[in-house]
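S.K.: Make a model of this:
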Amino acid sequence: MQQTRRAQHLGRATRQAVLELERARAHAVARQVEVGVQFSIGTRSISIQERGPAGWATIRTGELPPGVHVEACTAPEEVIRFTTRGTASRFGTTTLRGLGAERRAVIVNIAGRVRTDR
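M.R.: Prediction:
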């Protein structure tokens, strides 16, 4: 029972990360600004940033569900960035880890496509 609950939290966190990335990509295209998604390693924190005339500003923050944290992110400075065309200027794999040994990877490629892998 407990293992099922952990898997549900990890699945929900994975969907949340995918949705945040897809939402950031859509925001970049719609507003014609560069948008970054920062995953803070070792925490549950996700930060969405927009590049404006004065530089980068945080426009939204969020947290993954309890019991799930960001284990790793291969993007430079742990930030995935989307251009005004929806492609990724910084891309990579973000690994989420639950309370057990289970992990899920959220992958963004150079074209800006977001997918998951176990």
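S.K.: and stretch 46-65, which residues are buried?
M.R.: Under the neighbour-count criterion of 16 or more other Cβ atoms under 10 Å, stretch 46-65 has 46-50, 59, 64 buried. Using the backbone N, CA and C atoms, a C-beta is placed for each residue, glycine as well.
S.K.: of all these, which two lie farthest apart?
M.R.: Glu50 and Leu64 (21.2 Å; Cβ to Cβ).
S.K.: and Arg90, how far is that from Ala28?
M.R.: 12 Å (Cβ to Cβ, to the nearest Å).
S.K.: helix or strand for Val106, which one?
M.R.: Element membership for Val106 (DSSP states H and E) is strand 103-108.
S.K.: elements contacting whichever helix or strand comes after that strand?
M.R.: For strand 103-108, the following helix or strand on the C-terminal side (DSSP H and E) is strand 114-117. Strand 114-117 makes packing contacts with helix 2-31, strand 103-108 when contacts are defined by 3 or more Cβ pairs under 8 Å, 6 or more residues apart in numbering; DSSP states H and E.
S.K.: could I get these as JSON lines with mean neighbour count, mean pLDDT and distance to Val37?
M.R.: Listed next are the helices and strands packed on strand 114-117 as JSON lines, based on neighbours: other Cβ atoms under 10 Å; pLDDT from 0 to 100; distance: least, Cβ to Cβ, whole Å:
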{"stretch": "helix 2-31", "mean neighbour count": "17", "mean pLDDT": "90", "distance to Val37": "5"}
{"stretch": "strand 103-108", "mean neighbour count": "21", "mean pLDDT": "97", "distance to Val37": "9"}
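S.K.: How many residues are close by Ala101?
M.R.: 7 (other Cβ atoms under 10 Å).
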